[in-house]
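> With the input below, show me the fold.
(one chain, ligands or ions: 2)
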Amino acid sequence: MLTMDDVIRDYHPTLRKHAKKVEFPLTDDLRKLASDMMDFIKNSQDPELAEKYDLRPGVGIAAPQLDIPIQLFAVHIPADEEDEEALSKVMINPRIMRHSVKQTALPDGEGCLSIDDVYEGLVPRHKRITVEYYDINGDKHTEKFKGYPSIVVQHEMDHLNGILFYDHINEENPYGVDNNLELLEN
Ligand code: SB7
Ligand code: NI
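Residues are numbered from 1 along each chain as shown. Ligands and ions are numbered 1, 2, ... in the order given. Predicted coordinates:
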């Protein structure tokens, strides 16, 4: 079982590396890794398990955060009462094929399991993205994301490119918005 001890933290060089493409068919080890990563996120969202194993709640984790620099991540966003259904996916070798010009950001900024310090400020993201990726069976998908899932997928894709959320914060004006940036409301 994965715990926070397996998660590398800021200034670890792997967090700044470009992750390598995954080859198919997936090895048994990589299948196991993908399933462990999904379990880790789900456990982190269960208050009892999170407390028991000292897990920080998260909605995603990317392989480079486990010191494994390959293009694979897992996201699990629970359903919310209002509209969206749960989003639970392992995404491999993802590519953004299209993105909106409009940007969005979480009003309270972002955090990261690999970053223990708090970095305040807006993290501008594309509002809508179309992503091509492979699942654990090697099947190719093309999918559109908007709103919160779009933000999370971009956060995880950044990890595959050695980018951390605070790289996107405008130092001079951390909470500045322009006409093109619309805050995501909760
Ligand atoms: C806020 C948090 C996340 C994504 C987008 C906004 C994920 C936090 C967990 N991770 O560090 C995953 O890389
Ligand atoms: Ni992160």
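
> alpha carbons only for contacts and neighbour counts from here, please
Will do.

> buried stuff in the longest helix belonging to the chain?
Across the chain, the longest stretch assigned as helix under DSSP state H is helix 28-44. For helix 28-44, burial by neighbour count (16 or more other Cα atoms under 10 Å) applies to 33-34, 36-44.

> Neighbouring strands - and their directions - for the strand ranked longest in the chain?
Criterion DSSP state E: the longest strand present in the chain is strand 87-99. Strand pairing for strand 87-99, determined by DSSP bridges: strand 72-77 (antiparallel), strand 128-134 (antiparallel).

> which outside residues touch that strand?
21-22, 34, 38, 71-79, 126-136, 149, 157 (Cα atoms under 8 Å, 6 or more residues apart in numbering).

> any idea which helix or strand comes after that strand?
strand 103-105 (DSSP states H and E).

> And the helix or strand that that next one is followed by, what does it pack against?
Counting by DSSP H and E, the next helix or strand C-terminal to strand 103-105 is strand 125-126. Applying 3 or more Cα pairs under 8 Å, 6 or more residues apart in numbering; DSSP states H and E, one finds that strand 125-126 contacts strand 103-105, helix 147-160.

> go with 6 Å
Packed against strand 125-126 by the contact rule (3 or more Cα pairs under 6 Å, 6 or more residues apart in numbering; DSSP states H and E) you find strand 103-105.

> Report the contact partners of the residue positioned nearest the centre of the chain.
By Cα atoms, centre = their mean, the chain has its centre lying nearest to E156, at 2.8 Å. E156 is in contact with A62, counting by Cα atoms under 6 Å, 6 or more residues apart in numbering.

> now swap in the one 4 residues further on and tell me
Neighbouring residues of L160 by Cα under 6 Å, 6+ apart: 18-19, 71.

> which one of these has the most neighbours?
When those are compared by neighbour count (other Cα atoms under 10 Å), Q71 ends up highest, at 23 neighbours.

> show me where pLDDT drops low in the protein?
Scanning the chain for pLDDT under 70 picks out the ranges 83.

> In it, which residue sits closest to ligand 1?
Of all residues in the chain, C112 sits closest to ligand 1, at 3.2 Å by Cα to the nearest ligand atom.

> what residues does this structure put near ligand 1?
Neighbours of ligand 1 within the chain, by Cα under 6 Å from any ligand atom: 58-62, 110-114, 151-152, 155-156.

> List buried residues within these.
58-62, 110-114, 151-152, 155-156.

> Out of those, which two sit at the greatest distance?
Within these, two members stand farthest from each other by Cα to Cα: S114 and I151, at 17.1 Å.
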